[in-house]
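Q: Here you go, sequence then predicted model.
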Amino acid sequence: MDLKSIWNNYEKLINEEVKVNGWVRNHRPQKEFGFIDFSDGTTFKHLQIVYNKDLKDFDKITSLKNGSALNVVGTLKKSEGKNQEIELVAKEITLLGDCPMDYPLQPKRHTKEFLRSIAYLRPRANLYQAIFRIRSVASMAIHEYFQNNGYVYFHAPIITASDCEGAGEMFQVTTLPLDKVKKIDYKNDFFGKKAGLTVSGQLQAETFAMAFSKVYTFGPTFRAENSNTKVHASEFWMIEPEIVFCDLDELMNIEEEFLKYIVKDVLEKCHDELEFLEKFQEPGLIKKLEDLINSKFTRITHEEVITLLKNANEKWEFEPNYGEDIAKEHEKYLTNYFNGPVFITNWPKDIKAFYMKQNDDGKTVAAVDLIVPSAGELMGGSQREEDYQKLKSRMDELKMDEEAMYWYLNLRRYGTCVHSGFGMGFERLLIYLTGVDNIRDVIAYPRTPNNCEF
């Protein structure tokens, strides 16, 4: 029987014999008895195994080491200890897989830096048991939200010839022998043209939205950005819905509903994990998440934001300016000022992507960023430019390759309509949900500059 089933039904199982398989998380042998902290990974809760000298092979059992795999048969009892409800009084303990004394994960506090160096073992540590179970639950909640609301799950291509953001931060994909080639001729390459790993599935998702009305992508994306911050990685997961007959106001309604759905689901299903993270990572984490569910998201334009920041009685490290992006300190001020999440709309055209809907003022686009308390920017979206001539003019302005993007332009010729979408980095969401502040700790095997281990 797995530990999740035992914890879910332990009141009915008291004084019953059960058999469990799992691993030693901590072992405290005494002269005549011993205690084993036992886990099988099916639940965040561990089970205490109690044994005494009457047990067969008692001497061998006292020498069991942390990390060893065991089969245990015993009787489930109400615990006499203060901090636990039940324990398993062992009748038989069988060693399934031994573990050496130099096993890296000993029962003590390890630094996250050390645990990253043994990333193939860190899922066994309590911190990462909590993080990756929340990651799993949040993943399912994302699919549930979209599936329950009539979206089609679209699998965006990983290899693409289009740079969605136009920033040139793509990893190239090639079969050419680069150590021998002096001049690259892409006609001789595998795809016959320059290709790379996707930075976004948005443009392709728009093509499917024009057929299915509502679609979403949820998969890995890649950025060849030489950044070593706590919130950047070279490989990460993105959620990108695209919705037709949807303007910017309706898009914000969807974003708010979507985020609250995920947070509520994690709060309901990961209570033990969140309590652990609140104790060891972010005091007040659970209240922060509950407050988000109960809050009304403020909506304010970029111009209004800059005016508010300029009139604030604050000494800024980075002075807020019209026509420019805002800094982390500004985001923190805004979420504190409005006491909750904030939608910032109508951003300056020159700092946003080419595909965003151009407003009538000629200076701004119908874009929106969502910032949340303690985490800053969490989502970015926009109404897409549906006017063929305006989109073409903007691409000309940016000297983009229209020939390569003919198919995207053609969407504006073949039954165009108002449509919108947003993107959310999944790891950014997990940083917010867990209180763990480094992206390297919420993804199984982080890919960052000079790091591609495991």
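A: Yep, it's here.
Q: residue contacts, the residue of the chain most remote from its centre?
A: Ranked by distance from the centre of the chain (CA atoms, centre = their mean), the top residue is Asp54, with 48.9 Å. With CB atoms under 8 Å, 6 or more residues apart in numbering as the criterion, no residue contacts Asp54. In short, each C-beta sits where N, CA and C put it, glycine included.
Q: and it, what pLDDT?
A: We have a pLDDT of 92 for Asp54.
Q: And the strands in the stretch 151-300 of the chain, which stretches?
A: In the stretch 151-300 of the chain, the segments counted as strands under DSSP state E, counting those that start in this stretch are 152-153, 159-160, 172-173, 195-197, 214-222, 235-244, 298-301.
Q: Summarise which helices and strands the longest one is packed against.
A: The reference is to strand 235-244. Here strand 235-244 touches helix 202-212, strand 214-222, helix 248-269, strand 419-425, helix 426-434, going by 3 or more CB pairs under 8 Å, 6 or more residues apart in numbering; DSSP states H and E.
Q: strands paired with the second one, and their directions?
A: Pairing partners of strand 214-222, with direction, according to DSSP bridges: strand 152-153 (parallel), strand 235-244 (antiparallel).
Q: which one of these is the most hemmed in?
A: Among the strands paired with strand 214-222, strand 235-244 has the highest mean neighbour count (mean count of other CB atoms under 10 Å), at a mean of 23.
Q: what's the closest of the strands paired with strand 214-222 to Gly435?
A: Smallest distance to Gly435 across the strands paired with strand 214-222 (CB to CB): 18.7 Å, for strand 235-244.
Q: how far does the closest one sit from the chain's center?
A: Put simply, strand 235-244 sits 12 Å off its chain's centre (CA atoms, centre = their mean, to the nearest Å).
Q: Sketch out the low-pLDDT regions of the stretch 101-250 of the chain for me.
A: Across the stretch 101-250 of the chain, the ranges flagged by pLDDT under 70 are 164-168.
Q: go again using 80 as the cut-off
A: Counting by pLDDT under 80, the ranges of the stretch 101-250 of the chain that qualify are 163-168.
Q: need the helices for the stretch 251-400 of the chain, in chain order.
A: Taking DSSP state H, counting those that start in this stretch as the criterion, the stretch 251-400 of the chain contains helices spanning 271-280, 285-294, 302-311, 328-337, 388-397.
Q: Present those helices as a markdown table; the columns should include mean pLDDT.
A: Output for the helices of the stretch 251-400 of the chain, formatted as a markdown table (pLDDT from 0 to 100):
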| stretch | mean pLDDT |
| --- | --- |
| helix 271-280 | 97 |
| helix 285-294 | 96 |
| helix 302-311 | 97 |
| helix 328-337 | 95 |
| helix 388-397 | 96 |
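Q: between those, which one is nearest to Pro100?
A: For Pro100, the closest of the helices of the stretch 251-400 of the chain is helix 271-280, at 27.8 Å, according to CB to CB.
Q: Go through that closest one and flag the buried ones.
A: 273-274, 276-278 (16 or more other CB atoms under 10 Å).
Q: hey, C-alpha coordinates of it in CSV?
A: Provided in CSV are the C-alpha atoms of helix 271-280 (Å, rounded to 0.1, in the frame of the first residue of the first chain):
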residue,chain,number,x,y,z
HIS,A,271,-1.8,22.4,1.7
ASP,A,272,1.0,20.3,3.3
GLU,A,273,3.6,21.5,0.8
LEU,A,274,2.5,25.2,1.2
GLU,A,275,2.8,24.9,4.9
PHE,A,276,6.3,23.6,4.6
LEU,A,277,7.3,26.4,2.2
GLU,A,278,5.7,29.0,4.4
LYS,A,279,7.8,27.8,7.3
PHE,A,280,11.1,27.5,5.4
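Q: Provide the count of other residues in contact range of the closest residue to Gly67 other than its chain neighbours.
A: Setting aside the residues directly before and after it, Gly67 is nearest to Cys99 in space (CB to CB, 6 or more residues apart in numbering), at 3.5 Å. Neighbour count for Cys99, taken as other CB atoms under 10 Å: 16.
Q: is it true that Cys99 touches Ser63?
A: No - Cys99 is beyond contact range of Ser63, at 11.4 Å (criterion: CB atoms under 8 Å).
Q: need the helices and strands packed on strand 235-244 in a markdown table with distance to Asn321, can you?
A: As requested, those are arranged in a markdown table below (distance: least, CB to CB, whole Å):
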| stretch | distance to Asn321 |
| --- | --- |
| helix 202-212 | 28 |
| strand 214-222 | 30 |
| helix 248-269 | 23 |
| strand 419-425 | 25 |
| helix 426-434 | 25 |
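Q: Quote the end-to-end distance of stretch 47-61.
A: With CA to CA, to the nearest Å as the measure, the first residue of stretch 47-61 is 17 Å from its last.
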